[in-house]
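Asks: Provided below for reference: sequence and predicted model.
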Amino acid sequence: MGRYDRLREFRRLDPDRDYHRIYRDMALLEFPWDMTMGIQLGFYRTFAVPGISALLDRTGRMTGHTQRRLDNTAILLFEVILHGFEHERGLAAVRQMRRVHGAATRQASTPQQPWRIANHEFVYVLGTFVIPVLRWLDEYAWRPICCHERTATFRFYQELGRLMGVRDVPATLRAFEAWFDTYEREHFAYTAENQRQWDATRTELTTLFAAWLPRPLAAAGRRFADTMANALLDDRVRAALGVGPVPAWAVRAGRVAFKARGGVVRWLPVRKTPLYQDKLVTPSYPDGYRIERIGL
């Protein structure tokens, strides 16, 4: 297989009909590392919305069980990406997403203050799996992405939103992108709950990074990883999460490194097998998992 053969295959498909096939191969074969980074950065943006971070804060799932919460999200999304919406495992993952969100809402509620997740927050969360990912690919992927890939990404999450019962998702990718940017301008605001979600997540990420280093280097590695994690966020997100000034060198270094990585990947052999073929192996579930137990 040549380096651009998969792109030519995508262009022969109909992204409005074959969106799962295109998106699955993008995520697991063509851009697995870049799309994982884009999805992670999109997920972190949800902490900048006070309504979302307040729910997470009241349940304590992110601050008290950070790695498990991250793994739960990754597993359910992976199952849908791998199997699609017509396979039993993909549908089981969608059902579990709905169940987990309902359970989180009930957990955060009290008789005096019933909790409701606003539909616009669901639409925004859906958008974080689309807009930041496409923008990351535009900036750092080993090749430019095409219109079929953009449409397939949007259609995949549009269908996920429909199955999740999310209403009023914009009808086109262009409209969704405009809605997404307006939503962030109008809703991003600093709260202590926002900062707690990011602090817990960043601490987990830097601890995992430091664990791979020799003990004498662990402390310095943790500080470096902490700086770089903050540098990955844009100014608007950093302000909403209470992140202080980030050294300019860290922002520049990150951009140079990611662009250089894309240039290297362009000359590597084509990936012929998915990054993960059957199930994700995560720190929280080293021996495997059952979809119906994820998040409970």
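Replies: Here it is on my side, so go on.

Asks: the nearest residue to Thr206 once chain neighbours are set aside: which element?
Replies: Closest residue to Thr206 apart from its sequence neighbours, by Cβ to Cβ, 6 or more residues apart in numbering: Ala225 at 4.1 Å. C-beta: built from backbone N, CA, C; applies to glycine. Per DSSP states H and E: Ala225 is located in helix 215-231.

Asks: how about that helix: buried residues?
Replies: By 16 or more other Cβ atoms under 10 Å, the buried positions in helix 215-231 come out as Gly221, Arg222, Phe224, Ala225, Asp226, Thr227, Met228, Ala229, Asn230, Ala231.

Asks: ok so, going back, surely the residue nearest to Thr206 touches Leu217?
Replies: No - here Ala225 does not reach Leu217: they are 11.3 Å apart, not a contact under Cβ atoms under 8 Å.

Asks: joint contacts of these two?
Replies: Counting by Cβ atoms under 8 Å, 6 or more residues apart in numbering, Ala225 and Leu217 have no shared contacts at all.

Asks: buried ones in whichever helix or strand Gly161 is part of?
Replies: Using DSSP H and E, Gly161 falls within helix 147-164. Neighbour counts using 16+ other Cβ under 10 Å place 148-161, 164 of helix 147-164 among the buried residues.

Asks: circling back: pLDDT at the residue nearest to Thr206, what is it?
Replies: Listed pLDDT for Ala225 reads 82.

Asks: so what touches the helix or strand that the helix holding Ala225 is followed by?
Replies: Counting by DSSP H and E, the next helix or strand C-terminal to helix 215-231 is helix 235-241. Contact partners of helix 235-241, identified using Cβ under 8 Å, 6+ apart, comprise 44-45, 47-48, 184, 188-190, 194-195, 197-198, 230, 233, 243, 246.

Asks: what's the answer for stretch 190-203, then?
Replies: Residues contacting stretch 190-203 (Cβ under 8 Å, 6+ apart): 44, 47-50, 53-54, 56-57, 62-63, 66, 70, 226, 229-230, 239-243.

Asks: among those residues, name the buried ones.
Replies: 44, 47-50, 53-54, 56-57, 62-63, 66, 70, 226, 229-230, 240-241, 243.

Asks: quick one on the thing from earlier: tabulate the buried residues of helix 215-231 (a markdown table), appending distance to Trp142.
Replies: Output for the buried residues of helix 215-231, formatted as a markdown table (distance: Cβ to Cβ, whole Å):
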| residue | distance to Trp142 |
| --- | --- |
| Gly221 | 27 |
| Arg222 | 30 |
| Phe224 | 26 |
| Ala225 | 24 |
| Asp226 | 28 |
| Thr227 | 26 |
| Met228 | 21 |
| Ala229 | 23 |
| Asn230 | 26 |
| Ala231 | 22 |
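
Asks: out of those, who's nearest Arg293?
Replies: Ala229 (29.8 Å; Cβ to Cβ).

Asks: give the full set of residues in contact with the closest one.
Replies: Ala229 touches Arg202, Leu205, Thr206, counting by Cβ under 8 Å, 6+ apart.

Asks: what's the burial count for the last one?
Replies: By other Cβ atoms under 10 Å, the residues close to Thr206 number 19.

Asks: also compute the angle for the particular helix or strand that has it in it relative to helix 215-231, please.
Replies: Here Thr206 is covered by helix 192-211, with elements defined by DSSP H and E. If you take axes from the mean of the first three to the mean of the last three Cα atoms, to 10 degrees, helix 192-211 sits at 140 degrees to helix 215-231.

Asks: what about the stretch 151-296 of the chain, any weak spots by pLDDT?
Replies: 208-213, 277-278, 296 (pLDDT under 70).

Asks: now Val130, nearest residue through space, not along the chain?
Replies: Using Cβ to Cβ, 6+ apart, the closest residue to Val130 is Tyr157 (5.2 Å).

Asks: ok, the one you found - contacts?
Replies: Here Tyr157 is in contact with Leu126, Phe129, Val130 (criterion: Cβ under 8 Å, 6+ apart).

Asks: contacting residues around the second one?
Replies: When contacts are counted by Cβ under 8 Å, 6+ apart, Phe129 touches Ile39, Gly42, Leu77, Tyr157.

Asks: cutoff 6 Å now
Replies: Phe129 makes contacts with Gly42, Tyr157, as judged by Cβ atoms under 6 Å, 6 or more residues apart in numbering.

Asks: next: the last one.
Replies: Listed by Cβ under 6 Å, 6+ apart, the contact partners of Val130 are Thr153, Phe154, Tyr157.
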